[in-house]
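Undergrad: Pasting the sequence and the predicted coordinates here, then a few questions.
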Amino acid sequence: MLNEFKEFVARGNVMDLAVGVIIGAAFSKIVTSIVEDLVMPVVGALTGGGFDFSNYFLPLSANVTATSLAAAREQGAVFAYGNFITVLINFLILAWIIFLMIKAVNRVRASVEKQKESEPAAPPPEDVRLLSEIRDLLKQRA
């Protein structure tokens, strides 16, 4: 079982996946910072005078009087729509960036394939050419 596990881990796909997950986690932190530190303060200023957008909520209990989401959650049930909108914007930015990256990779792949198609095929080696001629001659005699 240990050898099978070593083979599994040694395959290129597993290592590529591990690298992708690590880079994705780091990239997610960058996108989160962009949303929380750059986008949401502007959106918050436009929608309510500079409040932290993630603190927007609707109280679902009569005894909730707090102005911050954390304090309101301690007092009772709340509908935290601001936090959801922040996470949704995070996702949309991340999805857009991934879309642009995949589009760029597809463009590069297409140009590489087009370049390969335009290059003439290399002539076969001399021994392959001679064997093909012998095969053709034998087919003609048969």
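TA: Structure received.
Undergrad: Mind pulling up the pLDDT for the residue nearest to M15 when sequence neighbours are not counted?
TA: Nearest non-adjacent residue to M15, counting by Cβ to Cβ, 6 or more residues apart in numbering: V9, 7.7 Å away. For glycine as for every other residue, the C-beta is placed from the backbone atoms N, C-alpha and C. V9 carries a pLDDT value of 71.
Undergrad: which SSE is V9 in?
TA: With secondary structure defined by DSSP states H and E, V9 is part of helix 2-10.
Undergrad: Show me what counts as buried in the next helix or strand after that helix.
TA: As assigned by DSSP H and E, the chain's next helix or strand after helix 2-10 is helix 12-33. Of all the residues in helix 12-33, those buried under the rule 16 or more other Cβ atoms under 10 Å are V31.
Undergrad: Please apply the same query to stretch 74-91.
TA: For stretch 74-91, the neighbour count (16+ other Cβ under 10 Å) marks 78, 80, 82, 85-86, 89-90 as buried.
Undergrad: where does the spatially most central residue of the chain fall, helix, sheet strand or coil?
TA: Geometric centre of the chain, nearest residue: I98, 4.6 Å, by Cα atoms, centre = their mean. Of the three states, I98 takes helix under DSSP: H, G, I helix; E, B strand; the rest coil.
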